[in-house]
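Trainee: Output the structure for:
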Amino acid sequence: MRRLLALLLIGALLVSIAPPPAHAGHAHGAPIAAGIAAVLFAPLIIAGGIVNAVLPPYRAPVIVEPAPVYQVPTVRYVTAPAVAPASAERNVVRYAHGRHVLRGDGVTTPYQWVWIPNPPPPPPPPARTASQ
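Mentor: Numbers count the residues shown, from 1 in each chain. The predicted structure is shown next:
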């Protein structure tokens, strides 16, 4: 058996080294290298075919991930609450001769400090005479 295998291998090498008839007159190294490559790789190709016929083909495992869930954010439109008027005492700074009053709400009308002087004091009562 070994002799037969060795003879086949030697015969394949000789056939692969021999130039084809069209290139018989040319002594290029390309046909020789191609023949050697064919002899060296032919058993691997045949073995690959046998392995492929015997074993099932490799299939990568399929990883199934759940589809991403997109949730649309709920949009709530809220009207601005009505601005309650501030207490009168917070908006007033009192002095002996007058006061500063803060006017405006800061949203629709700008804030503004207004000076309001105190009214003049009332005239003194008429003097009493002794006859009364």
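
Trainee: hey, which helix is longest across the protein?
Mentor: Counting residues, the longest helix found in the chain (DSSP state H) is helix 30-54.

Trainee: tell me the average confidence for that one?
Mentor: Across helix 30-54, pLDDT averages out at 76.

Trainee: after it comes which helix or strand?
Mentor: strand 92-94 (DSSP states H and E).

Trainee: Touching the lowest-mean-pLDDT helix or strand in the chain from outside, list them.
Mentor: Here the helix or strand of the chain ranked lowest by mean pLDDT, DSSP states H and E is helix 2-17, holding a mean of 72. Residues outside helix 2-17 that contact it (C-beta atoms under 8 Å, 6 or more residues apart in numbering): 32, 34, 35, 36, 38, 39, 42. (Glycine included, C-beta is placed from N, CA and C.)

Trainee: Please save the CA atoms from that helix in CSV.
Mentor: In CSV, the C-alpha atoms belonging to helix 2-17 read as follows (Å, rounded to 0.1, in the frame of the first residue of the first chain):
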residue,chain,number,x,y,z
ARG,A,2,2.8,2.4,0.9
ARG,A,3,4.6,1.6,-2.4
LEU,A,4,1.4,2.4,-4.4
LEU,A,5,0.9,5.7,-2.6
ALA,A,6,4.6,6.7,-3.1
LEU,A,7,4.3,5.9,-6.8
LEU,A,8,1.2,8.0,-7.2
LEU,A,9,2.8,10.9,-5.4
ILE,A,10,6.0,10.7,-7.5
GLY,A,11,3.9,10.4,-10.7
ALA,A,12,1.8,13.5,-9.7
LEU,A,13,5.0,15.4,-9.0
LEU,A,14,6.4,14.5,-12.4
VAL,A,15,3.2,15.4,-14.2
SER,A,16,3.0,18.7,-12.4
ILE,A,17,6.6,19.6,-13.1
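
Trainee: Find me the pLDDT at residue 116, would you?
Mentor: pLDDT, residue 116: 93.

Trainee: What helices and strands are in contact with the longest helix of the chain?
Mentor: helix 2-17 (3 or more C-beta pairs under 8 Å, 6 or more residues apart in numbering; DSSP states H and E).

Trainee: Please consider this matter closed, and thank you.
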